[in-house]
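Enquirer: kindly generate the corresponding structure for this input.
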Amino acid sequence: MARSETRPVVTLRSTAGTGQGYVTRKSRRNNPDRLVLRKFDSVVGQHVLFREER
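Expert: Numbering: from 1, shown residues only. A predicted model of the protein is given here:
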């Protein structure tokens, strides 16, 4: 699959400060701002907000 500038790979970091991270792709056309998702942080043991880092 070819790399695309419209769907780049982004890293999500936990807002709990644990250093936990996820890697995903996003659509720049639909989501031009930083992506924020609620995902599971295994260090804390609960769901927390993960923000896109650049």
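Enquirer: give me the helices and strands touching the longest strand anywhere in the chain, please.
Expert: Counting residues, the longest strand found in the chain (DSSP state E) is strand 46-53. Packing contacts for strand 46-53, counted by 3 or more Cβ pairs under 8 Å, 6 or more residues apart in numbering; DSSP states H and E, involve strand 9-14, strand 36-41. Using the backbone N, CA and C atoms, a C-beta is placed for each residue, glycine as well.
Enquirer: quick one: buried residues of that strand?
Expert: 48, 50, 52 (16 or more other Cβ atoms under 10 Å).
Enquirer: how about the contacts made by the second one?
Expert: It refers to F50. 12-15, 20-22, 36-39, 41 (Cβ atoms under 8 Å, 6 or more residues apart in numbering).
Enquirer: 6 Å instead, please
Expert: The contact partners of F50, taken as Cβ atoms under 6 Å, 6 or more residues apart in numbering, are 12, 14, 37, 39.
Enquirer: return the distance of the residue nearest to it when sequence neighbours are not counted relative to A2.
Expert: In space, and not counting its chain neighbours, F50 is closest to L12: 3.9 Å by Cβ to Cβ, 6 or more residues apart in numbering. Per Cβ to Cβ, to the nearest Å, L12 is found 23 Å from A2.
Enquirer: so between those two, which is more surrounded?
Expert: Taking other Cβ atoms under 10 Å, L12 and A2 do not tie; L12 has more neighbours (21 against 3).
Enquirer: quick one: pLDDT of the residue most central in space within the chain?
Expert: The centroid of the chain falls nearest to L12 when counting by Cα atoms, centre = their mean (2.8 Å). Model confidence at L12, given as pLDDT, is 96.
Enquirer: what does M1 give?
Expert: pLDDT recorded at M1 is 61.
Enquirer: thanks again, I'm all set now.
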